[in-house]
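Participant: Any chance you could fold what I've pasted below:
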Amino acid sequence: MGETKVLVKLRGVSASVLSKLVEKGYYSTKSEALRAGVVRLGQEFGLVNPTEEAWMRLQSEMRKTRKKVTAKEVLGELERVETQA
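Facilitator: Take a look at the predicted model:
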């Protein structure tokens with residue numbers, strides 16, 4: 001997967017919501033919240049399925065923490081996603 005850099009200027013409600021998502025601890029950064037929002041739009045329009053999104057999130061977490069993930073953890077995450085779908 002490639003990387004795309006985007007400069008986004010937000011005002012009003014969208015800026016307020018983004019700030020609150022970070023302030024309340026739902027996301028660590030505004031960038032993280034925006035990335036999650038893009039993935040959710042992809043799900044809504046059928047471009048990303050929940051299992052694929054969970055796998056991408058897991059890979060991202062592994063890169064950030066350099067943590068080794070066990071097969072049991074992967075299966076647990078997939079089961080969680082499938083029960084939500």
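Participant: got a pLDDT number for Q84?
Facilitator: On pLDDT, Q84 comes in at 65.
Participant: Could you do V69 as well?
Facilitator: Here, the pLDDT recorded for V69 equals 67.
Participant: on contacts alone, who are the packing partners of the strand or helix carrying S19?
Facilitator: Per DSSP states H and E, S19 falls inside helix 12-23. Secondary-structure packing of helix 12-23 (3 or more C-beta pairs under 8 Å, 6 or more residues apart in numbering; DSSP states H and E): helix 30-44. C-betas here are computed from N, CA, C, even on glycine.
Participant: Just give the number of residues close to Q59.
Facilitator: 12 (other C-beta atoms under 10 Å).
Participant: Check E73 too.
Facilitator: Residues near E73, counting by other C-beta under 10 Å, number 13.
Participant: what's near enough to touch it?
Facilitator: Shown in contact with E73 (C-beta atoms under 8 Å, 6 or more residues apart in numbering): no residues.
Participant: so how far is V48 from E73?
Facilitator: Distance of E73 to V48, computed by C-beta to C-beta, to the nearest Å: 21 Å.
Participant: lowest average confidence, helix or strand, in the protein?
Facilitator: In the chain, no helix or strand scores lower on mean pLDDT, DSSP states H and E than helix 50-65, which sits at a mean of 71.
Participant: How many neighbouring residues does Y27 have?
Facilitator: Close neighbours of Y27, defined as other C-beta under 10 Å, add up to 17.
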